[in-house]
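> predicted coordinates and the sequence they were generated for:
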Amino acid sequence: MKGEIYKKDSMIDLKYLKLILAIDKNGSLKKASTQLNLTQSALSHQLKKIEDYLGIAIFNRSGNQLLITEAGKELKEKGGLILNDLNVLELRILEIKQNHLKRYIHGYSESEAQRLKDQAKSIEEFLHYDSLWEIGSTILEVGCGVGAQTEIIAQKNKGCRFNSIDISKESIKKAQSRIKELGISNVKFQTCDVYDLNPKEAERYDHVFVCFILEHVSEPEKMLQHIYNLIKPGGSISIIEGDHGSTLFFPENNYTRKVINAQIELQRKKGGNANIGRQIYPLLQSSGYSMIEVSPRQIYVDNNKKALIKGFIENTFTAMMKGIAEDVIHEGLISKSDFELGIKGLMRTTNKDGIFSYTFFKGHGIKK
Ligand SMILES: C[S@@+](CC[C@H](N)C(=O)[O-])C[C@H]1O[C@@H](n2cnc3c(N)ncnc32)[C@H](O)[C@@H]1O
């Protein structure tokens, strides 16, 4: 029997380590058994078993008292470290799980940062020809990310001051260095959640700009109502969102459709809505805004539009789909082979006879 624990498992069972720590802490079997939720005789039996296995006493009995031996001290100290490491490990796994749950469908990787920049640049004119505010305005940009839209709107509105915020510290750092590199001086960045701005910043802003955020949040109306409180009476909100259901392409391809639908479903599962563009009008309405105007911004690409083939079909839309490959396959929303065929179908639209079309929606509303 002696030494069997090593032969059998090559390790000391964690339950014995917990037991040793509990007995040492409580000084008696009675109190330790309460802590461990065991009967006193079960605890006594287990202690005897581990002592028999090791062939050495862990505690010396002195009346009702148990005094830890030299071997016991060693087990207590090293065992305590192991149990502590296990707790830390468990917390770390919980943290990863939380981050995973909260994680943006597109994440915060370098390639996603580049994709956001390519997206902003390739469709700048479609989305921003009217992103103009009166000189002297203070504008809040919510969810500026890596600053892909910030650099465009800040340069178009040199007479305005921008407060650009994002919950991602890493993204803010990237945005800051990019804006500095470009020599833009009318933007102040802050890492924060838009929900933390109220009430101290209530009615502080002339205008608010929101781009590609509502599609990712589970309660877009709540966010719009919250933002409403931050705007001065007479001020405005501008929103830009996509709508994956608006995608048209030639030649038609069932696999490509499957890929897009898998993306829409993944986003839905994570609490977002990839087809939110069509809902900007009703959302602004139900959140209290007035004089609402929404305009669809169709990006139509055929072989005459070489810059958009690269910048939009390849580097924006296809890159976005490729970026969620692992997740949609892992979630069982599409098979790997169908996904690959779908991406091929997307790239096929860049051929001489192909076309690709996607519609963004830009909305504008006033706070009365
Ligand atoms: C898809 S990115 C868009 C970034 C940028 N607007 C663009 O168009 O390139 C959405 C961003 O919104 C940020 N975000 C989401 N919820 C937020 C919140 N409650 N407060 C502040 N930022 C938020 C995310 O961290 C992310 O960087």
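Sure, I can see it.
> contacts, neighbours, all on C-alpha from now
OK.
> who in the protein is up against the ligand?
Selection of the chain residues close to the ligand by C-alpha under 6 Å from any ligand atom yields 116, 142-145, 148-149, 165-168, 192-195, 211-213.
> give the buried subset of these as a ChimeraX selection command.
Of those, the buried ones can be selected in ChimeraX as follows, counting by 16 or more other C-alpha atoms under 10 Å:
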select :116,142,143,144,145,148,149,165,166,167,168,192,194,211,212,213
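> next step: the residues of the chain next to the ligand restricted to strands.
142, 165, 166, 211 (DSSP state E).
> got the contact list for the first one?
Spelled out, that is residue 142. Going by C-alpha atoms under 8 Å, 6 or more residues apart in numbering, residue 142 touches 164, 165, 166, 194, 208, 209, 210, 211.
> could you dump the residues you listed to TSV with pLDDT and distance to residue 270?
Output for the contacts of residue 142, formatted as TSV (pLDDT from 0 to 100; distance: C-alpha to C-alpha, whole Å):
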residue	pLDDT	distance to residue 270
164	98	25
165	97	22
166	96	19
194	95	20
208	98	26
209	98	24
210	98	20
211	97	19
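> ok, of those residues, which one's closest to residue 31?
Distance from residue 31 was checked for each of the contacts of residue 142 by C-alpha to C-alpha. The minimum falls on residue 194, at 50.1 Å.
> need the contact list for that closest one.
Under the criterion of C-alpha under 8 Å, 6+ apart, the contact list for residue 194 reads 142, 165, 166, 167, 227.
> now residue 169
residue 191.
> so where's the stretch 51-200 of the chain shaky on pLDDT?
Applying pLDDT under 70 to the stretch 51-200 of the chain flags the ranges 93-105.
> kindly report the same for the stretch 201-350 of the chain.
Across the stretch 201-350 of the chain (using pLDDT under 70), nothing gets flagged, so there are no ranges to list.
> identify the farthest-apart pair in the contacts of residue 194.
Greatest spacing in the contacts of residue 194, by C-alpha to C-alpha: 167 and 227 (15.2 Å).
> quick one: the residue of the chain most remote from its centre and residue 28, what's the gap?
For the chain, the C-alpha lying farthest from the average C-alpha position belongs to residue 63; by C-alpha atoms, centre = their mean, that distance is 58.5 Å. When distances are taken as C-alpha to C-alpha, to the nearest Å, residue 63 and residue 28 turn out to be 10 Å apart.
> what's the answer for residue 257, then?
When C-alpha to C-alpha is applied, the distance between residue 257 and residue 28 equals 68 Å.
> the more surrounded of the two?
Neighbour count, other C-alpha atoms under 10 Å: between residue 257 and residue 28, residue 257 has more, with 20 against 17.
> packing partners of the helix or strand where residue 326 lies?
When elements are assigned from DSSP states H and E, residue 326 belongs to helix 325-330. Using 3 or more C-alpha pairs under 8 Å, 6 or more residues apart in numbering; DSSP states H and E as the contact test, the elements touching helix 325-330 are helix 254-269, helix 336-348.
> following the shortest one, which helix or strand shows up next?
Using DSSP H and E, the helix or strand that directly follows helix 336-348 along the chain is strand 355-366.
> got the CA coordinates for that following strand in PDB?
Output in PDB follows, covering the C-alpha atoms of strand 355-366 (Å, rounded to 0.1, in the frame of the first residue of the first chain):
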ATOM      1  CA  ILE A 355     -20.500  42.900 -60.300                       C
ATOM      2  CA  PHE A 356     -20.800  43.400 -56.600                       C
ATOM      3  CA  SER A 357     -23.100  45.800 -54.800                       C
ATOM      4  CA  TYR A 358     -23.600  46.700 -51.100                       C
ATOM      5  CA  THR A 359     -25.700  49.400 -49.500                       C
ATOM      6  CA  PHE A 360     -24.700  51.400 -46.400                       C
ATOM      7  CA  PHE A 361     -27.300  53.600 -44.700                       C
ATOM      8  CA  LYS A 362     -26.600  57.000 -43.300                       C
ATOM      9  CA  GLY A 363     -29.000  58.500 -40.900                       C
ATOM     10  CA  HIS A 364     -29.400  62.000 -39.400                       C
ATOM     11  CA  GLY A 365     -31.600  63.100 -36.600                       C
ATOM     12  CA  ILE A 366     -32.100  66.200 -34.400                       C
END
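> switch to numbering from 382
Fine by me, first position is 382 from now on; the one you just mentioned is strand 736-747.
> which parts of that strand are buried?
Buried positions in strand 736-747, judged by neighbour count with 16+ other C-alpha under 10 Å: 736, 737, 738, 739, 740, 741, 742, 743, 744, 745, 746, 747.
> save these as JSON lines, and put in pLDDT and distance to residue 403 too.
Converted to JSON lines, the buried residues of strand 736-747 look like this (pLDDT from 0 to 100; distance: C-alpha to C-alpha, whole Å):
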{"residue": "736", "pLDDT": "98", "distance to residue 403": "70"}
{"residue": "737", "pLDDT": "98", "distance to residue 403": "67"}
{"residue": "738", "pLDDT": "98", "distance to residue 403": "67"}
{"residue": "739", "pLDDT": "97", "distance to residue 403": "64"}
{"residue": "740", "pLDDT": "98", "distance to residue 403": "64"}
{"residue": "741", "pLDDT": "97", "distance to residue 403": "62"}
{"residue": "742", "pLDDT": "98", "distance to residue 403": "62"}
{"residue": "743", "pLDDT": "98", "distance to residue 403": "63"}
{"residue": "744", "pLDDT": "98", "distance to residue 403": "63"}
{"residue": "745", "pLDDT": "98", "distance to residue 403": "64"}
{"residue": "746", "pLDDT": "98", "distance to residue 403": "63"}
{"residue": "747", "pLDDT": "98", "distance to residue 403": "64"}
